[in-house]
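Asks: Make a model of this:
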Amino acid sequence: MVFYFKARPEAGDFTIFMGLDKYENEELIKYGFPEDIWFHVDKMSSAHVYVRLHKGQTIDDMSEGLLEDCAQLVKANSIQGNKVNNVDVVYTPWSNLKKTASMDVGQVGFHNSKMVRTVRVEKRINEIVNRLNKTKVERKPDLKAEREAVNAAERAERKQQLREKKRREELGRLEKEKQTELRSYKGLMVAENMTSNKQIASGSKSLQELEEDFM
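Replies: The predicted structure is shown next:
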């Protein structure tokens with residue numbers, strides 16, 4: 001089971017989501033998207049919360065409002081973190097999450113600690129948490145199928161881009177050949193290589209002269 005929430009409208013059309021338990025978290029870790037940003041309460045047990053950014057966006061494109069929604073939601077879904085103030089929430093791109101065979105279910109590390117950011121949550125803001133909970137939707141998605149569908153679409157897009165590149169290269173080659181042919185033709189048409197009708201006539205015998213020669 002995955003729980004989906006809608007971020008505040010002024011932040012844009014963004015979906016925040018989290019798994020029901022550590023087993024669902026394991027699936028979210030495995031089948032995440034490059035646009036996903038992961039959130040967790042630092043040094044405490046909490047839900048794994050994600051926000052899916054728009055294609056082409058990065059963690060630097062997150063607005064303060066969107067960041068606050070995610071941080072408040074992950075704090076509210078931490079048994080220990082929800083009870084205390086001044087909680088640190090860490091967040092990082094999904095691609096930076098590291099999973100090894102020796103880790104417990106739902107446990108995760110990082111490839112690069114420098115890519116992990118921290119935001120301080122002074123206290124729970126019920127207005128934000130309640131607003132998010134009103135948008136809560138429960139679904140049982142096939143995360144593997146969703147990831148495979150995206151992979152297939154990306155492969156098709158890359159193939160199309162490759163075809164377009166080859167087409168542009170072929171058009172460029174043909175245009176280059178055309179220009180080379182035109183330059184060659186113009187070289188043949190320069191004045192010093194041309195003979196006028198007058199020159200041809202002056203170098204030829206007249207009909208009368210030909211007749212006289214024949215006689």
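
Asks: what's the single longest helix in the chain?
Replies: When the chain is parsed with DSSP state H, its longest helix is helix 143-188.

Asks: what about that one, average pLDDT?
Replies: For helix 143-188, mean pLDDT is 80.

Asks: Which elements pack onto that helix?
Replies: Judged by 3 or more CB pairs under 8 Å, 6 or more residues apart in numbering; DSSP states H and E, helix 143-188 is in contact with helix 22-30. The way it works is simple: take the backbone N, C-alpha and C, and place the C-beta from them, glycine included.

Asks: Helix or strand next in line after the helix it packs on, which one?
Replies: strand 36-41 (DSSP states H and E).

Asks: Identify all contacting residues around that next one.
Replies: 32, 46-53, 59, 62, 70-71, 73-75, 78, 80-81, 87-94, 97, 108 (CB atoms under 8 Å, 6 or more residues apart in numbering).

Asks: Give me the next element, helix or strand, following it.
Replies: strand 49-52.

Asks: Which residues are in contact with Ile108?
Replies: Just so we're on the same page, residue 108 is Val rather than Ile. Val108 neighbours (CB under 8 Å, 6+ apart): Ile29, Trp38, His48, Leu97, Lys98, Lys99.

Asks: 10 Å instead?
Replies: 25-26, 28-29, 38, 40, 48, 92, 96-100 (CB atoms under 10 Å, 6 or more residues apart in numbering).

Asks: Please check these and keep the buried ones.
Replies: Asn25, Glu26, Leu28, Ile29, Trp38, His40, His48, Thr92, Asn96, Leu97 (16 or more other CB atoms under 10 Å).

Asks: which residues does the last one form a beta bridge with?
Replies: Residues in a beta bridge with Leu97, per DSSP bridges, are Phe110.

Asks: contacting residues for it?
Replies: By CB under 10 Å, 6+ apart, the neighbours of Leu97 are Leu28, Ile29, Lys30, Gly32, Asp36, Trp38, His48, Val108, Gly109, Phe110, His111.

Asks: Lovely, talk soon.
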